[in-house]
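Colleague: Build the 3D model from these lines:
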Amino acid sequence: MRRLFSRDCATIPGPMNDSPSHTTPFEFDHPGQVRSVDAATAIRADVRNVAIVAHVDHGKTTLVDAMLKQAGAFRANQVVVERVMDSNDLEREKGITILAKQTAVDYDGIRLNIVDTPGHADFGGEVERSLNMVDSVLLLVDAAEGPLPQTRYVLQKAMSHHLPVVVAINKIDRSDARCAEVLDAVYELFMDLGADEHQIDFPVVYTNAKIGTSTMDLANPGTNLRPLFELLIEHTPAPRYVPDHPLQLLVTNLSANDYVGRMAVGRVWNGTIKMGGRIVIVREEEEDNDGTIVPGRTVTLSGVVTSLTTAHGIERVDIDEAFPGDIVALAGIPDVTIGDTITDPADPRPMQRLDLDAPTLSMTFGANTSPLSGREGRYVTSRHIRARLEKEVLGNVSIQFVPTDSADTFEVLGRGELQLAILIEQMRREGYEVQVSRPEVILRTVGGETQEPYERITVDIPPEFIGSVQAALADRQGRLEQMTTDADGRVRMEYVIPVRGLIGFRGQLLTETRGTALMHQIGEGYGPWAGEVTHRTSGVLVADRQGTSNGYALYSLQERSELFIGSGVDVYEGMVIGENARPEDMDVNATKEKKLTNMRTHSHDEAIRLTPPRELTLESAIEFIGTDELVEVTPKSIRLRKRVLTQHDRRRIAGREYDRAMAADRDAR
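Modeller: Modelled structure (predicted):
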């Protein structure tokens, strides 16, 4: 890596006052931000820190690409892929940003640190952590779609941190662009979120990220992104800090390096940090489950800075020293975690730890116990799964996991289906075999009343499907809040619905609308229990023996079901091989072969033509399964199975539940 020579921190003296020379952790609006301007008597004039936030697919990463190109971050002959910031394979496949990433460009002598954040609410933890590193927010809004649920979510987070907002209306080249109406909708969104007179007076710039242009006036088309750069530099406050204050660096992310180990990523709020300098972490330990750790006990971890890097374009470059306002990655304390404060051993000043939204969904992860386990994966034991989950929790504070009564099963808590599905897909690609359950909502009791999480969804559909979609949402306890018709004739409906009702709904929505629907969602908080929610009305076909499926057996089954497998697939007792047309489950023999006889007739010798089976993706499999089923995930296969494999045991459990229900009914009478 290249090494940048350190330079002196540019400071602007502030007025003298009688305030103390240094601050306490309780003098912050959010971690690191000085509440009193008088307490920060110096300003870093050559740095600006800004986060780009938006709804999914509104053009954040594309805009960052254009900013990097026009700021000279790439060589003239350098080959650059599209959406260069989406470096993760899953991000490129799904076309969304999953992990927040930081880059930096130099523009007119000012270093502009840019944080590209995810647009999906399931990855809100990445957004919340990113907002703790920046001083302003660039809110991107599609010129045709306008503000959508995740636009509201990320803006709400930015306003809670009292960050100034610059609004960019992107994709102005779309044929259905309606910039004036979208700007009015943005103003309404600010007012709905309780913006004050300073926040509502936001600057607006119009951009076309695809070709890299911006303008302050639609009547005068832009030729480059200079208006955007100048607007960000003008409206982003320069970093403030307290001179002679000991080091304070809040860790907001973690990365790994094969040579120096775990690296902490964060912003220097006060003081300076140098290569080879001594650093310390003062952390309050939480109470352990077995009571061996006393709450509030502080633990001190010390070390020496062995690596200090910062972003320069899309590369990480070595530096000798970092100053207030710099966003850096450093190594030196192996046990550092997100939320820690790296500070000066001579005068340790820990900052307030990050406060994130609580998870709303849980799933069980366990070692694969099917008869086909161990054939495709490298890591198949519960010890491997536990170690992988501990590693994930370390770098992703919005994911939690707790042990269960079973030694080989763990309960994993997250923000939504997509976030948990991404974790499972990552484990699958790394060689893990795991079986997971259907997502369940996390309930809580307030004043003796059971409450459950709700979400606000926006459904965009052609008008001919209004009836079927409304009926499906009514069955899932959805409440219609608003319905509008766009200029292109499509209908946009806004619902508030229990999270339970959304599990499995996306697939049903695409089926009902023949793949033409768009759905966006955002957390709405907790509310009263909504009652029973319809999930899956059909039963499944369950294999009753182990073997290899063949066309002769499947041909007779496809007339009354939709199959998940084709001919020549290994099956086992308890494996789900199709969806039944009737509500009840049906045990079938998928391995039955045609008997060989000397008889030859036209009817017996007809060619067997199988309908192609339904291809199961990880997301569709998780949505489909019921409470008594699991998804078996391996590096090469995705299978559905019953929790209890043998038919005899399933019937015995069903009998016990029936007897228990009858006894409860008699007691009620």
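
Colleague: where's T511, which helix or strand?
Modeller: helix 505-512 (DSSP states H and E).

Colleague: State the next helix or strand along the chain beyond that helix.
Modeller: By DSSP H and E, the next helix or strand past helix 505-512 is strand 518-528.

Colleague: Packing partners of that next one?
Modeller: helix 149-160, strand 449-461 (3 or more C-beta pairs under 8 Å, 6 or more residues apart in numbering; DSSP states H and E). (C-beta placed from N, C-alpha, C; glycine too.)

Colleague: most packed of these?
Modeller: Most buried of the helices and strands packed on strand 518-528, by mean neighbour count (mean count of other C-beta atoms under 10 Å): helix 149-160, with a mean of 21.

Colleague: Let me know the next secondary structure element after that one.
Modeller: Next along from helix 149-160, by DSSP H and E: strand 165-170.

Colleague: So which of the helices and strands packed on strand 518-528 is nearest L420?
Modeller: L420 sits nearest to strand 449-461 of all the helices and strands packed on strand 518-528, at 14.4 Å, using C-beta to C-beta.

Colleague: And the closest one, what does it pack against?
Modeller: In terms of contacts (3+ C-beta pairs under 8 Å, 6+ apart), strand 449-461 is packed against helix 149-160, strand 444-446, helix 466-475, strand 491-498, helix 499-502, strand 518-528.

Colleague: That one pairs with which strands?
Modeller: Paired neighbours of strand 449-461 in the sheet (DSSP bridges): strand 444-446 (antiparallel), strand 491-498 (antiparallel), strand 518-528 (antiparallel).

Colleague: Show me which residues of the last one are buried.
Modeller: Put plainly, it is strand 518-528. 518-524, 526 (16 or more other C-beta atoms under 10 Å).

Colleague: In this structure F365 contacts R386, no?
Modeller: No. In this structure F365 lies outside contact range of R386 using C-beta atoms under 8 Å: 9.2 Å.

Colleague: Please enumerate the shared neighbours of the two.
Modeller: F410 (C-beta atoms under 8 Å, 6 or more residues apart in numbering).

Colleague: hang on, the earlier thing: can you lay out the helices and strands packed on strand 518-528 as CSV showing mean pLDDT and distance to S373?
Modeller: Shown next, in CSV, are the helices and strands packed on strand 518-528 (pLDDT from 0 to 100; distance: least, C-beta to C-beta, whole Å):
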stretch, mean pLDDT, distance to S373
helix 149-160, 79, 38
strand 449-461, 89, 33
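
Colleague: Please tabulate the ones you listed in JSON lines, including the columns distance to L630.
Modeller: Conversion of the helices and strands packed on strand 518-528 to JSON lines gives the following (distance: least, C-beta to C-beta, whole Å):
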{"stretch": "helix 149-160", "distance to L630": "31"}
{"stretch": "strand 449-461", "distance to L630": "23"}
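
Colleague: which stretch among the ones you listed comes nearest I422?
Modeller: So among the helices and strands packed on strand 518-528, helix 149-160 is nearest, using C-beta to C-beta, at 16.0 Å.

Colleague: how far does the biggest helix by length in the chain sit from the chain's center?
Modeller: In the chain, assigned by DSSP state H, the helix with the most residues is helix 647-668. The chain centroid and the centroid of helix 647-668 are separated by 40 Å, computed with C-alpha atoms, centre = their mean, to the nearest Å.
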